[in-house]
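K.L.:
Just need the structure, nothing else, for what follows:
(one chain, ligands or ions: 2)
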Amino acid sequence: MKNISILGATGSIGRNTLDLIQRERDKLKVVGLTGANNIRLLAESAIKFNADIVATSNDNKFHDLKEMLSGHQVEVCAGINGVLEVASRQVDWVMSSIVGSAGLLPGLKALEAGANLALANKESMVAAGPIMKRAAEAQGVKLIPVDSEHSAISQVIRGEERDSLSKIIITASGGAFRNLTISELIDVTPEQASKHPNWNMGQRITIDSASLFNKALEVIEAKEFFGLKASEIEVLIHPQSLVHAIACFCDGGMKAHIGPSDMRHAIAYALYEEKRFNLPLEEVDLSKVGTLDFEKPDLLKYPALKLGFDVLEQGGLAGAAFNAAKEEALDNFLDHKLSFLGMADVVRATMDELSSKNQLSSEVELEAVIDIDRQARLIAKIFVDKF
Ligand code: NDP
Ligand code: MG
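P.N.:
Ligands and ions are numbered 1, 2, ... in the order given. The predicted structure is shown next:
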């Protein structure tokens, strides 16, 4: 029996993970589940999967969650400490699928407790990749990518020598506004940005896909997972979202990963630790798809992507600051206090301010990451009023 916990079980990735577990209940045992506000789904999942422990990160929801689970043999806890308690339970495999930097400490705790960590929460790799990798190494456990592009990279480079790899291409669908011009982007709303043409995901990553902030995070994530330099990563817009990554080799050969726009493919690859699982997903029918298009992204239309490459080159604490400033900018866009294009302006200004004070070059240690995250949010808040 493989013991499993899911951090962020009520979200899009968490629900997809439970869907896979449901298919193999005789081999997979759910130990812990966490959520935040959707405690009804959290309670239903805890009952359905017979979990040992659940936590809501929202202290105010503790009593309601406890009531929903009364009469069931399950430990209930709340707050960040409750989530960390779930993360520290000894299991074989943990899905890290909390959204945003709130996923960093729980994911780290799970690694420290000796679990193999499937990492959907890209923010923890962007902010603290070296810390995550050190923790995995110290415990001798695996850190497995779940992001579709990174899962695809691990699939295409498998069995190849690192020296023979010259470049990785990751694709971006272009999100909700792929066909809009820059001037048409000025007035777009959070509601419009929340509709992804190909993927069904949480709201924040959907908006980040429209701005390409998601792709910016992903190039940094690719550097951390696969030790790639900026010059070894290329992003292409690929509207069909079928080719997720392409490895380019020194002999001119290229290996592309084609997969369905369904995260259960990448989650299953992580769940079965790089073995293939028989998933009843609809096969991609290339004769129906007909054409696969690729084009270079317009960096004027997608300034976030340029910022992501700058952050990748900068290293140090730049990733943590970038992610925090981006989260603050996104909160303000969602509150209609900042325009869609204003998000990149705020993040760039925040990064410039922190760089000019020489705040980003320190070693990536946990205390420094938490501190720069706090500083970046404060500075970004000030810039929101200026843009
Ligand atoms: P969702 O918004 O759908 O789910 C987020 C999960 O995190 C929910 O369980 C939510 O609880 C919980 N949560 C929210 N805030 C907090 C907090 N402060 N503390 C603890 N838990 C919290 O997000 P997604 O599933 O779409 O994304 C999860 C992660 O996976 C992100 O890092 C995203 O970038 C990454 N990812 C997602 C993909 C996708 O297809 N969705 C693809 C690739 C990567 P509740 O719902 O109960 O409030
Ligand atoms: Mg992705």
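
K.L.:
Which single residue of the chain approaches ligand 2 most closely?
P.N.:
Ligand 2 sits closest to residue 147 of the chain, with a gap of 4.1 Å, by CB to the ion. The C-beta positions use only the backbone N, C-alpha and C, and glycine is treated the same way.

K.L.:
out of everything not next to it in sequence, what's closest to that residue?
P.N.:
Distance criterion CB to CB, 6 or more residues apart in numbering; nearest residue to residue 147, sequence neighbours excluded, is residue 122 at 5.5 Å.

K.L.:
okay, now that neighbour: neighbour count?
P.N.:
A total of 28 residues lie near residue 122 under the criterion other CB atoms under 10 Å.

K.L.:
Isn't it up against residue 222?
P.N.:
No: checked against CB atoms under 8 Å, the pair residue 122 and residue 222 is beyond contact range at 9.8 Å.

K.L.:
OK, contacts around the residue nearest to residue 147?
P.N.:
147, 217-218, 221 (CB atoms under 8 Å, 6 or more residues apart in numbering).

K.L.:
how much space is there between whichever residue of the chain sits closest to ligand 1 and residue 207?
P.N.:
Going by CB to the nearest ligand atom, ligand 1 is nearest to residue 11 of the chain, at 1.9 Å. Separation of residue 11 from residue 207 (CB to CB, to the nearest Å) stands at 15 Å.

K.L.:
how about the residues of the stretch 151-300 of the chain that lie near ligand 1?
P.N.:
Within the stretch 151-300 of the chain, the positions near ligand 1 by CB under 6 Å from any ligand atom are 199, 201-202, 205, 263.

K.L.:
Apply 5 Å and report the result again.
P.N.:
Contact residues, the stretch 151-300 of the chain versus ligand 1 (CB under 5 Å from any ligand atom): 201-202, 205, 263.

K.L.:
Can you show me the helices along the stretch 101-250 of the chain?
P.N.:
104-112, 122-139, 148-157, 182-185, 190-193, 203-211, 213-226 (DSSP state H, counting those that start in this stretch).

K.L.:
Now mean pLDDT too, for these, in JSON lines please.
P.N.:
Below are those laid out as JSON lines (pLDDT from 0 to 100):
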{"stretch": "helix 104-112", "mean pLDDT": "98"}
{"stretch": "helix 122-139", "mean pLDDT": "98"}
{"stretch": "helix 148-157", "mean pLDDT": "98"}
{"stretch": "helix 182-185", "mean pLDDT": "94"}
{"stretch": "helix 190-193", "mean pLDDT": "95"}
{"stretch": "helix 203-211", "mean pLDDT": "96"}
{"stretch": "helix 213-226", "mean pLDDT": "98"}
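
K.L.:
Rebuild the ones you listed as CSV, extending it with distance to residue 303.
P.N.:
As requested, the helices of the stretch 101-250 of the chain are exported to CSV (distance: least, CB to CB, whole Å):
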stretch, distance to residue 303
helix 104-112, 26
helix 122-139, 17
helix 148-157, 20
helix 182-185, 10
helix 190-193, 15
helix 203-211, 9
helix 213-226, 9
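
K.L.:
so which of those gets nearest residue 333?
P.N.:
Ranking the helices of the stretch 101-250 of the chain by proximity to residue 333 (CB to CB) places helix 190-193 first, at 5.9 Å.

K.L.:
Out of the contacts of residue 122, the closest to residue 360 would be?
P.N.:
Nearest to residue 360 among the contacts of residue 122: residue 217, at 16.6 Å, using CB to CB.

K.L.:
how close does the closest one get to residue 144?
P.N.:
Note on residue 217: its distance to residue 144, by CB to CB, is 18 Å.

K.L.:
Make sure residue 4 is indeed in a strand.
P.N.:
Yes: according to DSSP: H, G, I helix; E, B strand; the rest coil, residue 4 belongs to a strand.

K.L.:
Which pLDDT value does the model give it?
P.N.:
pLDDT for residue 4: 98.

K.L.:
Please consider this matter closed, and thank you.
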